[in-house]
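Peer 1: Next input, structure requested:
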Amino acid sequence: MKKVITYGTFDLLHVGHVHLLRRARELGDHLTVAVSTDRFNEGKGKKTILPFAERVEIVRSLRYVDEVIPEISWEQKADDVRRLQIDVFAIGADWTGKFDFLTPLCQVVYLPRTPDISSSQLKAELDRLQSVQSLLERIHGSELKDLIGVLDKIVHLK
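Peer 2: Numbering: from 1, shown residues only. Coordinates of the predicted model:
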């Protein structure tokens, strides 16, 4: 049996995540996914929308995924590869070269990203929409002329 592992936060699951997991699974017979814990993400300066337990449940429910483990540190990857007898380490191409140190232990494959989609993009759009909502709440009861001025400012935020 050929075993594959990948790592990620998997916040706001989107089609790019699904493509990555499908491609990773196609590299072997068994896919283990290490999902970053909330604490690990905080240490990276990364804030998630969904808590760890929910992200694990979502990832675990996908048909390409055979096993889910927590990612608690950068350093655990080599130990995971050894302990789980991993044959292939797969990760997005935005990490190209960063995990070559694992090549003595397993094959390292950098998978292409899905264009025009990322959790960071989705979070930025959510932030923009929250700003719009906040502005609209502040102008409640204003005259139409004031509203048009605010909407003009919103359009230029994009």
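
Peer 1: For stretch 76-90, measure first residue to last.
Peer 2: Stretch 76-90 has its terminal residues 15 Å apart, counting by Cα to Cα, to the nearest Å.

Peer 1: And stretch 67-76, by the same measure?
Peer 2: With Cα to Cα, one end of stretch 67-76 sits 16 Å from the other.

Peer 1: Pull out the buried positions in it.
Peer 2: The neighbour-count check on stretch 67-76 (16 or more other Cβ atoms under 10 Å) flags V68, I69, E71, Q76 as buried. Where you see a C-beta, it was placed from the backbone N, CA and C, and this is true even at glycine.

Peer 1: for stretch 45-57, same thing?
Peer 2: For stretch 45-57, a neighbour-count test (16+ other Cβ under 10 Å) marks T48, L50, F52, R55, V56 as buried.

Peer 1: Look up how far D152 lies from G45.
Peer 2: According to Cβ to Cβ, to the nearest Å, G45 and D152 sit 34 Å apart.

Peer 1: Sorry, slip of the keys, the one I care about is P104.
Peer 2: Taking Cβ to Cβ as the measure, P104 falls 59 Å from D152.

Peer 1: now V59
Peer 2: 42 Å.

Peer 1: Of the two, which one has the most company?
Peer 2: V59 (19 against 9; other Cβ atoms under 10 Å).

Peer 1: just checking, the more buried one touches V68?
Peer 2: Yes - taking contacts as Cβ atoms under 8 Å, V59 lies within contact range of V68: 5.5 Å.

Peer 1: ranges for the helices of this protein?
Peer 2: 15-26, 38-43, 52-60, 76-83, 119-138, 144-157 (DSSP state H).

Peer 1: Now the fourth one: average pLDDT?
Peer 2: On average, the pLDDT along helix 76-83 is 98.

Peer 1: That helix: how far from the chain's middle?
Peer 2: 21 Å (Cα atoms, centre = their mean, to the nearest Å).
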